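K.L.:
just a sequence and a predicted model for now, questions to come.
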Amino acid sequence: MSQSSGNGAVVLVGCGRLGSAILEGWLATETVAPAELIIVTPSQKPAAEAARALGARVNPHGAALAEARAVVLAVKPANWREALRPLLPHLAQSAVLISVMAGVRAGEIAEASTRSVARVMPTTGVAQGRGVAALWSADVEARETARALFARMADVVDLEREAQMDAATAVAGSAPAFIHAFVQALARAGETQGLSSEAAERLARGALRSAGAGAETGEPLEALIARIASPGGTTQAGLEAMAAAGDLDRAAEAAVEAAVRRAQAISG
Ligand SMILES: NC(=O)C1=CN([C@@H]2O[C@H](COP(=O)(O)OP(=O)(O)OC[C@H]3O[C@@H](n4cnc5c(N)ncnc54)[C@H](O)[C@@H]3O)[C@@H](O)[C@H]2O)C=CC1
Ligand SMILES: O=C(O)[C@@H]1CCC=N1
């Protein structure tokens, strides 16, 4: 696989939890060559320092930004204007802005920047090249630029409308945390049934890994469930209890609805 998905530099603005994951994913999957990488961060970050050691530029003079073909905004939704403002005068008109921020509408960024904008909602699994990312842009070129930057480290799911991004944020960006919370609840339930906390956590984590490995085969979820649930067995008993209580559906609906409402509130 050749490094780099195009000519010109790629700028990462913000190297926090998600920014670091994106950076690690780009390097691990050779999506962006270190020499093409520019990182803008107000504080030292281990992932940025590791990239610098490979040849990436961290906080170079503004003039270096003129070679940028894409700028990925990975700051908090409240910070993007102040983060972008000092960069804008240096960016070529053709530079594409890619926002991975929850709840910030593409139109706001396009208006502030007069550049084409794509929105991507990834999971931190991009760091291991195993993420998922929802993608939307009104601009075909911007969408394809964003796709090229995420396709090697995420299953890229195209959305038809920007309005769907809030639901995708809940079901992708936030959802790994929801799933970890369920696994924690499973471990606690195992403790109630007599396991030590250490054994319960290891077993529940292992179950998550096993479920993830199953999901990665691409088989339908129903088939994955059916393979585990022997007729009349323990899994079927558990699944029936979950369905009868209805709590799992209610919890998932409540979590997704609340995340969507929060994204809508951020966008104002
Ligand atoms: N953490 C996650 O799993 C996901 C996060 N997101 C989105 O990613 C964005 C970042 O989230 P996190 O990484 O979790 O937050 P974070 O707080 O870990 O990272 C934000 C980073 O922005 C940096 N920053 C602040 N002002 C800056 C400036 N002027 N220039 C450059 N960098 C600046 C901070 O130093 C910080 O490291 C948010 O908009 C969030 O909605 C989206 C999907 C998943
Ligand atoms: O919690 C958040 O707001 C961000 C967006 C999706 C995941 N983390």
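P.N.:
Received it, and whenever you're ready, just let me know what you need. Ligands and ions are numbered 1, 2, ... in the order given.

K.L.:
state the helix or strand in which M101 lies.
P.N.:
Using DSSP states H and E, M101 is not contained in any helix or strand.

K.L.:
so what's it closest to, chain neighbours aside?
P.N.:
The shortest distance from M101 to any non-neighbouring residue, by C-beta to C-beta, 6 or more residues apart in numbering, is to P77 (4.9 Å). Just so you know, the C-beta spots here come from the backbone N, C-alpha and C atoms, and that holds for glycine as well.

K.L.:
just the helices in the stretch 51-200 of the chain please.
P.N.:
Along the stretch 51-200 of the chain, counting by DSSP state H, counting those that start in this stretch, helices occupy 80-84, 106-113, 140-150, 165-168, 175-192, 197-216.

K.L.:
can you tell me what sits against the longest one?
P.N.:
Outside of helix 197-216, the residues within contact range by C-beta atoms under 8 Å, 6 or more residues apart in numbering are 130, 179-180, 183-184, 186-188, 190-191, 195, 221, 224, 227.

K.L.:
could you tell me which of those residues count as buried?
P.N.:
Neighbour-count burial (16 or more other C-beta atoms under 10 Å) is assigned, among the contacts of helix 197-216, to 183, 186-187, 190-191, 195.

K.L.:
centroid-wise, who is the farthest residue in this structure?
P.N.:
The C-alpha centroid of the chain is most remote from G232, which lies 38.7 Å away (C-alpha atoms, centre = their mean).

K.L.:
from ligand 2, how far out is that residue?
P.N.:
To ligand 2, G232 is 40 Å away according to C-beta to the nearest ligand atom, to the nearest Å.

K.L.:
that older thread, JSON lines please, covering the helices of the stretch 51-200 of the chain and showing mean pLDDT and distance to ligand 1.
P.N.:
Output for the helices of the stretch 51-200 of the chain, formatted as JSON lines (pLDDT from 0 to 100; distance: least, C-beta to the nearest ligand atom, whole Å):
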{"stretch": "helix 80-84", "mean pLDDT": "97", "distance to ligand 1": "3"}
{"stretch": "helix 106-113", "mean pLDDT": "97", "distance to ligand 1": "12"}
{"stretch": "helix 140-150", "mean pLDDT": "98", "distance to ligand 1": "12"}
{"stretch": "helix 165-168", "mean pLDDT": "97", "distance to ligand 1": "10"}
{"stretch": "helix 175-192", "mean pLDDT": "97", "distance to ligand 1": "7"}
{"stretch": "helix 197-216", "mean pLDDT": "97", "distance to ligand 1": "16"}
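
K.L.:
next one: stretch 42-59 to chain centre, how far?
P.N.:
Relative to the chain's own centre, stretch 42-59 is displaced by 20 Å; criterion: C-alpha atoms, centre = their mean, to the nearest Å.
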